[in-house]
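> Okay, sequence plus prediction incoming.
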Amino acid sequence: MHNKSTSLLLNIGHALDHMFLLIFATAVTTIAKDFGVARWEDLMPYSVAAFFFFGLGSIPAGRLGDLWGRRQMMIVFFIGIGLASLLVALTQSPMQLALALALLGCAASIYHPVGIPMLVQGAQRPGWTIGVNGLAGNLGLAAAAVVTGLFVKYFGWRMAFVIPGVVSVGCGVLFAMSAPREAMAPAKKKAASGQHEGVSVPKLLLVMTIASTSGSMLFNFSTSSNYELLASKFVAISQDPAQIGTFLAGVYVLASLTQLLVGHLLDRVALKTLYRSVIAVQFVGLLIANYTQGWWFYIAQLIFMAAIFGSIPFIDAMIVRFVDDAMRSRVSGMRLAVSLGASSLAVWLIGPIVKAAGFTTLVWVMAATSVMTFAVVSLLPGTTSSSGSPGKTSA
């Protein structure tokens with residue numbers, strides 16, 4: 001177990017990680033005008049490198065987390081992502097922007113394979129711990145929406161990168177001061193005996209990676225397009241970036257509460273059954289969203305985002321349940337590299353899909369992705385709840 005300040009900073013780190021990756025998507029229209037790009041859709045592909053390296057960088061980040069130390073890597077994360085954000089604010093062209101965002105993606109890649117395994121070390125209720133951490137990450141999305149909208153309106157898009165960058169560097173200093181030094185790197189610790197000999201780990205990792213990839217694609221499709229999607233579907237607020245950001249932040253805050261519910265249930269309910277139920281709600285919400293406008297769309301957006309956010313804790317819960325702590329960062333890093341690297345394609349596709357066919361087609365693509373995730377999750381082996389309570393096996 002960690003001291004309270006360390007746990008708090010680890011959760012804040014998750015919020016910052018997701019916030020930084022969504023600042024660009026929220027401010028893209030204003031940035032496009034500043035750089036002389038005719039349409040925001042044409043600027044979206046320049047952010048692909050950030051999401052690609054967000055995934056690819058997970059491999060070395062996870063390896064260093066296990067072999068060098070998670071505390072050291074988290075210090076690098078806080079300071080590195082803060083400095084990269086300041087660099088983004090200094091860019092003057094789309095290509096400079098793409099390179100700076102790529103560096104930001106490299107720094108952002110550290111958190112998930114390092115921060116989450118560090119947080120759950122010795123946790124008595126891993127499901128709840130992951131749920132709270134997931135809530136923190138999604139509050140970062142809400143902050144990206146509302147804070148960026150306000151900064152864009154009153155101070156310009158560059159300050160939307162500068163202020164969070166300074167905050168992150170400050171958090172890095174606080175983390176270095178408060179987080180206790182590790183006695184040894186996780187990989188040097190003696191591995192615990194396995195708890196689930198009947199589970200085929202290679203099959204589990206394959207299914208987990210595929211499910212994570214399709215889930216990450218849906219996450220990227222939604223979070224990277226939600227701002228423009230809401231503006232197109234809710235005409236009454238479409239001309240005010242601050243108002244759009246505030247409405248979207250409301251979606252993210254309310255939807256994020258699903259993380260706590262899922263985290264609570266993960267310690268008590270069969271993982272496979274719970275996972276499939278959440279994905280089914282995703283599909284229904286997306287289906288409703290494609291046939292509604294205004295306030296009804298806003299409700300549908302809240303439903304599908306609640307289910308998308310609610311699906312996030314499952315992969316980390318499986319890693320905690322089936323992978324020894326001595327190698328969790330490396331396993332998580334490899335999984336993230338595949339899933340996030342592949343799902344970066346979603347960010348690249350948003351602009352071309354919307355430009356060629358509109359948001360209706362984009363939402364249908366998201367619904368199809370949800371169906372694919374459901375099919376893959378159905379291949380998971382039956383498991384007990386993460387607390388290991390007997391008699392709670394999945395279908």
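Structure's in. What do you need? Owing to the predicted nature of the structure, the values given are computational and were not obtained by experimental measurement.
> Report the residue spans of this structure with pLDDT below the cut-off.
For the chain, residues meeting the criterion pLDDT under 70 lie at 1-2, 190-201, 238, 381-395.
> biggest helix in it, by residue count?
If you go by DSSP state H, the chain has its longest helix at helix 201-233.
> Give me the neighbour count for residue 142.
By other CB atoms under 10 Å, 24 other residues sit near residue 142. Where you see a C-beta, it was placed from the backbone N, CA and C, and this is true even at glycine.
> quick one, what contacts it?
248-253, 256 (CB atoms under 8 Å, 6 or more residues apart in numbering).
> wait, which of those residues is closest to residue 34?
The closest of the contacts of residue 142 to residue 34 turns out to be residue 248 (CB to CB; 21.3 Å).
> Share the number of residues neighbouring the closest one, please.
By the criterion of other CB under 10 Å, residue 248 has 30 neighbours.
> Pull up the gap between it and residue 321, please.
33 Å (CB to CB, to the nearest Å).
> What residues does residue 37 make contact with?
43, 94.
> does it belong to a helix or a strand, and which?
Per DSSP states H and E, residue 37 falls between elements, in no helix or strand.
> What about it? Give its phi and psi, please.
Dihedral pair for residue 37: phi -90, psi 130, per degrees, to the nearest 10.
> roughly how far apart are it and residue 47?
When residue 37 is compared with residue 47 (using CB to CB), they lie 13 Å apart.
> Kindly report the same for residue 361.
For residue 361, the distance to residue 47 - CB to CB - is 20 Å.
> same deal with residue 16?
Residue 16 is 18 Å from residue 47, by CB to CB.
> Quick check: end-to-end length of stretch 87-94?
End-to-end span of stretch 87-94 (CA to CA, to the nearest Å): 13 Å.
> Can you give the distance from that stretch to the centre of its chain?
From the chain centre to the centre of stretch 87-94 is a distance of 24 Å (CA atoms, centre = their mean, to the nearest Å).
> Give me the contacts around it.
24, 35, 37, 43, 46, 97, 99-101, 103-104, 158-159, 161-162, 165.
> now do stretch 20-28
31, 40, 43-44, 47, 50-51, 54, 81, 84-85, 88, 101, 104-105, 108, 140-141, 144-145, 148-149, 152, 157, 160-161, 164, 168, 223-225, 227-228, 245, 248.
> Buried ones from the residues you listed, can you make that a ChimeraX selection?
Filtering these down to the buried ones (16 or more other CB atoms under 10 Å) takes a single ChimeraX command:
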select :31,40,43,44,47,50,51,54,81,84,85,88,101,104,105,108,140,141,144,145,148,149,152,157,160,161,164,168,223,224,225,227,228,245,248
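> Out of the contacts of stretch 20-28, name the ones that lie in strands.
Secondary structure assignment by DSSP state E places none of the contacts of stretch 20-28 in strands.
> quick one: contacts for the nearest residue to residue 70 once chain neighbours are set aside?
Spatially, and ignoring its direct neighbours in sequence, residue 70 is nearest to residue 118 (4.1 Å; CB to CB, 6 or more residues apart in numbering). By CB under 8 Å, 6+ apart, the contact set of residue 118 is 2, 10, 65, 70-71, 74.
> out of the residues you listed, which is most surrounded?
Neighbour max across these (other CB under 10 Å) = residue 65, 30 neighbours.
> Show the contacting residues for that residue.
Contacts of residue 65 (CB under 8 Å, 6+ apart): 73, 110, 113-114, 117-118, 186, 329-330, 333.
> can I assume residue 351 is in contact with residue 48?
No - taking CB atoms under 8 Å as the definition, residue 351 is not a contact partner of residue 48, at 9.7 Å.
> Buried residues, the longest helix of the chain. List them.
Going by 16+ other CB under 10 Å, helix 201-233 has these buried residues: 204-205, 207-233.
> now stretch 31-40
So for stretch 31-40, counting by 16+ other CB under 10 Å, buried means 31-32, 35, 37, 40.
> Max pairwise distance over these: which two?
35 and 40 (10.6 Å).
> got a list of contacts for the helix or strand encompassing residue 298?
Per DSSP H and E, residue 298 falls inside helix 294-310. Here helix 294-310 makes contact (CB under 8 Å, 6+ apart) with 134, 138, 218-219, 222, 226, 229-230, 233-236, 247, 251-252, 254-259, 261-262, 278-279, 281-282, 284-286, 288-289, 292, 366.
> Next one: residue 242 from residue 27, what distance?
12 Å.
> Looking at the two, which one has more neighbours?
Higher neighbour count among residue 242 and residue 27: residue 27, with 25 against 16, using other CB under 10 Å.
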